[in-house]
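Q: Could you look at this predicted model? Sequence included:
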Amino acid sequence: MLLWFVKRDPRYLRFIALTVKFSVLMLLAILLWFAAERLLAPVVGTLV
C-alpha cells in the first residue's frame, strides 16, 4: 500500500486487491472448516 501511495502505479493496487481477495477466501475456507467440524462432530461421534 505504501508503494502505491509513493509511486501511484496501478499494478500495486491490483496486487493489493489480489492479496486481500486471497486472504478473505482463505479465512472463509478456514471458518467453514471449523463450522463443519463443529456441526459434524456430534454425528460422527455417535457412529463410532
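A: It's in. This structure is a prediction, so every number in the text was calculated from the model and none was measured. Numbering: from 1, shown residues only.

Q: Quick check: which ranges of the chain have low pLDDT?
A: Applying pLDDT under 70 to the chain flags the ranges 48.

Q: How about the secondary structure of residue 38?
A: The assignment at residue 38 comes out as helix when based on DSSP: H, G, I helix; E, B strand; the rest coil.

Q: And it, how close does it get to residue 44?
A: 11 Å (Cβ to Cβ, to the nearest Å). (C-beta placed from N, C-alpha, C; glycine too.)

Q: what does residue 12 give?
A: 46 Å.

Q: So between these two, which is more surrounded?
A: residue 12 (16 against 9; other Cβ atoms under 10 Å).

Q: roughly how far out does the helix or strand harbouring residue 42 sit from the chain middle?
A: Residue 42 belongs to helix 10-47 when assigned by DSSP states H and E. The chain centre lies 5 Å from the centre of helix 10-47; the measure is Cα atoms, centre = their mean, to the nearest Å.

Q: Which other helices and strands does that helix contact?
A: Applying 3 or more Cβ pairs under 8 Å, 6 or more residues apart in numbering; DSSP states H and E, one finds that helix 10-47 makes contact with helix 2-7.

Q: Show me what counts as buried in the helix it packs on.
A: Residues of helix 2-7 include none that count as buried (16 or more other Cβ atoms under 10 Å).

Q: Stretch 11-21 now?
A: Neighbour count says stretch 11-21 has residue 12 buried, by 16+ other Cβ under 10 Å.

Q: For that stretch, report the contacting residues that lie outside it.
A: Stretch 11-21 is contacted from outside by 1, 3-4, using Cβ atoms under 8 Å, 6 or more residues apart in numbering.

Q: Including distance to residue 23, could those residues go into CSV?
A: CSV is the format used below for the contacts of stretch 11-21 (distance: Cβ to Cβ, whole Å):
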residue, distance to residue 23
1, 14
3, 18
4, 17
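
Q: Which single one of those is nearest to residue 34?
A: residue 1 (29.3 Å; Cβ to Cβ).

Q: Please consider this matter closed, and thank you.
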